[in-house]
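Q: quick one, structure for this:
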Amino acid sequence: MKELLTKNFWQDVKRTFDEAREESAPVVVKPRNTTDVSAPLGAAPAVAAARVEAKGILFDLDGVVYDADRPIPGAAETVRWAQAEDVPHLFVTNTTSRSRADLVAKLAGFGIDAVEAGILTPIAAAVEWLRADGQGAVAAFVRPAAQKDFADLTLLAEDAERGAAYVVIGDLGDLWDYRTLNRAFRLLHNNPDAKLIALGMTRYWMAADGIALDVAPFVVALAHASGRKPLVFGKPSGAFFRAAADRLHMLPGQILMVGDDIGADVGGAQAAGLQAALVKTGKFRPADLDHAVRPEIVFDSVADLPQWWSSGRSRM
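A: Model (predicted):
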């Protein structure tokens, strides 16, 4: 019986991650024609013949533009280059610990001008959908700094264990404990019609003090315990990437996603029809280069993007 339960659990885990792509095409394992412009320190980047056709850019934030509270060298200059060259771009992040206003302020602290409309987050996408769906009260498991984005929705009290039409799971970080996770489960269990909403399906991220669990492990636990299929707002959901493409008024195939997560950023983008670049910063590990998912391009960091975008290519 124990072996059967264990097998069923891992089947649930795999299904939850597979379904997170939400109607996207399966990721195709590509031959090794990836362009790698990364190089040892001091060496000139070697650019292969592969060509990436793109006219717009999606920038991940954590791990690409900054690491926790530390800016990544050259990232601010890259964003300013995109702004100066009028390259259509958008910041797309699975961050749910801050509001978009907080993210604008954080970017400003790194010398990057941004506006809330130029940042797409799982919270922004979910709140927009919740406003339209509007079928009942919301239990939002997000940090206090992010609560303000839910201000115009009907929110349950923080100790409520009944009455939720939607149970929204974000990054609570060290605010997670057994009682909190169990309260989320009780809200789902007490209403068979309650929807489980995942604010992204990122497994882990690089925090200031090291690698840390993100949203996905908690969503998977709740999905398995409740038997509920989560609605995913955020990467790697295909709907999230298509929403970003719509905001840029472009087709997915015209956009390059720049991220540090081989699964959520690169795999999710490619499954939605975008092209993708992997940076060797943030959560990147050398083993990512041997992953079944193959990025079109690999950079040492996002600082390499402007030179690569311009050299050897017509203006795109």
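Q: my guess is residue 295 meets residue 266, correct?
A: Yes. Here residue 295 lies in contact with residue 266, judged by Cβ atoms under 8 Å, at a distance of 4.8 Å. From N, CA and C alone the C-beta is placed, and that goes for glycine too.
Q: between those two, which contacts overlap?
A: Common contacts of residue 295 and residue 266 (Cβ atoms under 8 Å, 6 or more residues apart in numbering): 276, 277, 278.
Q: switch the residues you listed over to TSV; also include distance to residue 301.
A: Below are these laid out as TSV (distance: Cβ to Cβ, whole Å):
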residue	distance to residue 301
276	16
277	11
278	11
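Q: now name the helix or strand holding residue 78.
A: helix 75-84 (DSSP states H and E).
Q: and for residue 168?
A: Here residue 168 is assigned to strand 164-169, by DSSP H and E.
Q: direction included, what does that strand pair against?
A: If you go by DSSP bridges, strand 164-169 pairs up with strand 137-141 (parallel), strand 195-198 (parallel).
Q: just the ones you listed: most buried one?
A: The highest average neighbour count among the strands paired with strand 164-169, using mean count of other Cβ atoms under 10 Å, belongs to strand 195-198 at a mean of 24.
Q: C-terminal to that one, what's the next element?
A: That would be, after strand 195-198 and using DSSP H and E, strand 204-207.
Q: poorly predicted segments of the stretch 51-200 of the chain, please.
A: Low-confidence segments of the stretch 51-200 of the chain, defined by pLDDT under 70: 51-52.
Q: at 80 instead, please
A: Counting by pLDDT under 80, the stretch 51-200 of the chain contains low-confidence ranges at 51-53, 133-134.
Q: now the shared contacts of residue 295 and residue 266 as CSV including neighbour count and pLDDT?
A: Output for the shared contacts of residue 295 and residue 266, formatted as CSV (neighbours: other Cβ atoms under 10 Å; pLDDT from 0 to 100):
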residue, neighbour count, pLDDT
276, 27, 96
277, 30, 96
278, 28, 97
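Q: let's have these in CSV, adding secondary structure and distance to residue 206.
A: Output for the shared contacts of residue 295 and residue 266, formatted as CSV (DSSP: H, G, I helix; E, B strand; the rest coil; distance: Cβ to Cβ, whole Å):
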residue, secondary structure, distance to residue 206
276, strand, 19
277, strand, 18
278, strand, 15
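Q: reformat the strands paired with strand 164-169 as TSV; add distance to residue 86.
A: TSV is the format used below for the strands paired with strand 164-169 (distance: least, Cβ to Cβ, whole Å):
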stretch	distance to residue 86
strand 137-141	37
strand 195-198	35
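Q: those: which one's closest to residue 130?
A: strand 137-141 (6.4 Å; Cβ to Cβ).
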